[in-house]
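Q: My questions are about this predicted structure, shown below with the sequence.
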Amino acid sequence: MPFDGPDGFTAAAADWARLFHHDPPLSVSAWAARFRILPSKTAAEPGPWRNERIPYLAGVMDALDIRHPAPVVVFCKSAQVGGSECALNWIGRTIHQAPASFLALFPSEKNARKWVRSRLNSMVADTPELRRLVPLGRKSDSGNTLAEKHYAGGVLFTGSANIPEDVASVSVPYVLLDEVDRMPTVLEDEGDPADLAERRTAAFVRRKIFKISTPTTEATSRVWPAWLASTMDRYYVPCPECGHYQVLRFTNLKWPEGNPKAARYACENEDCGTLFEERHKTDFLAAGEWRSEHPERETEIKGFHVNGLYTPIGLGDTWAQHAVAYDAAKGKPAKMQVVVNTRMGEVVKSDKERVEWAALYQRREPYRLRTIPPGVLILTAGVDVQHDRLECQVLGHGRHERITVVDYVALYGDPTRDEVWQKLDELLAAELLNSYGVRMRIQTTAVDSGAWQHEVTNWTRTRKHRGIFAAKGSTILTRQPIGKPTLVDVNWRGDTLKRGAEQYQIGVSALKTLLYRRLKADAEALPAERHVRFSDELPEEYFRQLAAEMFDPKGGWIKTYDRNEALDNFVLAMAAAMHQAVAIHRLRELDWQRLEQLYEPTATPPGAAPVAVGKREFSLPGGMMMPTTAAIKGGG
């Protein structure tokens, strides 16, 4: 009987081919549908993952595939739309089929620990393909901790945006930034933690960054501007009546006055206008599709937006519940912000106290630093102390408390040594000639002693007669700009020395508010009428630092830029002007007339004549160079 099967060589070759053949990795959504098991502990519907249950998530997940060209994926969303599950499926699929390392960053250490315990560990434990790859034992050598999950081909690092070591200590191709809008704006003195985390992927050509968050306010949100800079994908669904594809918007959710539970959705098609019920949601979600407003950005930033109206039936609030919440929040800004953020997935306009640095930069005027224009009758200074330098800003004051920035100098040196203080001594003692040829001196100087109290008070205690005093910013928001000094020297018994060093508590919040309101008021004012005037020799970095903070009624003053020395010493110089030796806010017209007789004795200024003993350059932190004619021996 003839043999009609494969010969021995052919059969062996087929066996080897089957042994070494590997199917290409599944897309993230396909992997989830095949392998992901939702845990009973945390899932509203435990069991196998079904893409058809939340159809719009498939597009978000597949953009996270490394084969998609965009290195950054943004998901700007409301609450309860499944965003966190997208991230988990991305991580699970990567560990299982294309191992690589992750950094998952959260707003706080508590958030990170909770995510690992309740979400990540549950996914691993309930998904067999992951359970055999990721150890869940408690032994120290198991490769399993709250901060690290080791598996073949990579490590999942989990960290807090509040901890520098968590943000800057690893290099990975994939980064998850969960609830990025709730991360701190500045990580100590290192900058924005979200930006720092993104830099962890810089060494990898094939990288992916997933930013996911419910947005907050227009002034502070990270996810909202990232989405605006993206492809701006929205999920279009068909009207159950006419089939017209449209984006679900809260403005089209309608209900009778006083009866939000009867909410229905109005089709935006003018030829239709049907008010359809939520019971159609399952069908129209299944027929929906993502559409990009900016497809040309597909290779740069892929962005998605979904609000609470899309939440599948049974997995979140109903349309009626959204309508009830909206009605209850009307006329209550704090409650309405919650509705706009967590239900609409949008930012709210901010009433926070802040200024834009670019607007200030545009208001520079053509005068030289270290010169004194007409109208400046009093000079004060503020000094900020850093670990490697002193930064001094000199302000000129005139009628109506108008301020002119006269000078800004960075003196490099160790504040624990005398050399840098000698430089400051010479700077503050130098006389300046004003536009009328009259010599002027700095009358009062406030030196920040918050972090360097010993060094600052040692230096200022013998210089009270020159109007130089130690100042410490108060954390009390309602504290007046400057009050009585506190005695800080004690004898061997611990008794306060009445003739010892003094330290003034400065109401920095009141001074920053005053400054920022005046700067905003200057937007439409003519140069001669501005509250604050800037020289065109001041660099961009100065203005970034001056506008580096914003006031949040809930959280106080928050840094929005990593350096704020220009703001700090500006405020100190303002406080020096309110010191009892000057009390600029209490000067009467007669006082101003006497000052004019002293410093501006002629009707027409003969021209600026600055003191100049050799020109040098210094740099503000940030690398911006600016010239000054200050005579500083050994200046850095």
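A: Looks like it came in fine. Numbers count the residues shown, from 1 in each chain.

Q: Checking the residue sitting nearest the centre point of the chain next. Helix, strand or coil?
A: Averaging the C-alpha coordinates of the chain gives a centre point, and the residue nearest to it by Cα atoms, centre = their mean is residue 185 (3.2 Å). Remark: residue 185 carries the secondary structure label coil [criterion: DSSP: H, G, I helix; E, B strand; the rest coil].

Q: What of residue 105?
A: For residue 105, the assignment made with three-state DSSP gives strand.

Q: which residues touch it?
A: Contacts were defined as Cβ atoms under 8 Å, 6 or more residues apart in numbering; by that measure residue 105 touches 112, 159-161, 166-167, 175-178, 183, 193-194, 197. From N, CA and C alone the C-beta is placed, and that goes for glycine too.

Q: Dump those residues to a markdown table, plus pLDDT and secondary structure.
A: Written out in a markdown table, the entries for the contacts of residue 105 read as follows (pLDDT from 0 to 100; DSSP: H, G, I helix; E, B strand; the rest coil):
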| residue | pLDDT | secondary structure |
| --- | --- | --- |
| 112 | 90 | helix |
| 159 | 88 | strand |
| 160 | 88 | strand |
| 161 | 86 | coil |
| 166 | 78 | helix |
| 167 | 77 | helix |
| 175 | 93 | strand |
| 176 | 94 | strand |
| 177 | 94 | strand |
| 178 | 93 | strand |
| 183 | 86 | coil |
| 193 | 83 | helix |
| 194 | 85 | helix |
| 197 | 86 | helix |
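
Q: With distance to residue 79 and neighbour count added, can I get the residues you listed in JSON lines?
A: Output for the contacts of residue 105, formatted as JSON lines (distance: Cβ to Cβ, whole Å; neighbours: other Cβ atoms under 10 Å):
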{"residue": "112", "distance to residue 79": "19", "neighbour count": "23"}
{"residue": "159", "distance to residue 79": "23", "neighbour count": "23"}
{"residue": "160", "distance to residue 79": "21", "neighbour count": "23"}
{"residue": "161", "distance to residue 79": "20", "neighbour count": "28"}
{"residue": "166", "distance to residue 79": "25", "neighbour count": "24"}
{"residue": "167", "distance to residue 79": "26", "neighbour count": "25"}
{"residue": "175", "distance to residue 79": "23", "neighbour count": "24"}
{"residue": "176", "distance to residue 79": "18", "neighbour count": "26"}
{"residue": "177", "distance to residue 79": "17", "neighbour count": "27"}
{"residue": "178", "distance to residue 79": "13", "neighbour count": "22"}
{"residue": "183", "distance to residue 79": "17", "neighbour count": "24"}
{"residue": "193", "distance to residue 79": "23", "neighbour count": "27"}
{"residue": "194", "distance to residue 79": "20", "neighbour count": "25"}
{"residue": "197", "distance to residue 79": "23", "neighbour count": "27"}
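
Q: tell me which of the residues you listed is nearest to residue 377?
A: Sorting the contacts of residue 105 by distance to residue 377 puts residue 193 at the head of the list, at 45.3 Å, by Cβ to Cβ.

Q: Double-check that closest one against residue 180; I have them as touching.
A: No: using Cβ atoms under 8 Å as the test, residue 193 is too far from residue 180 to be in contact (9.3 Å).

Q: domain parsing for the protein?
A: For the chain, the domain assignment from automatic domain parsing gives the residue ranges 28-240+290-318, 357-628.
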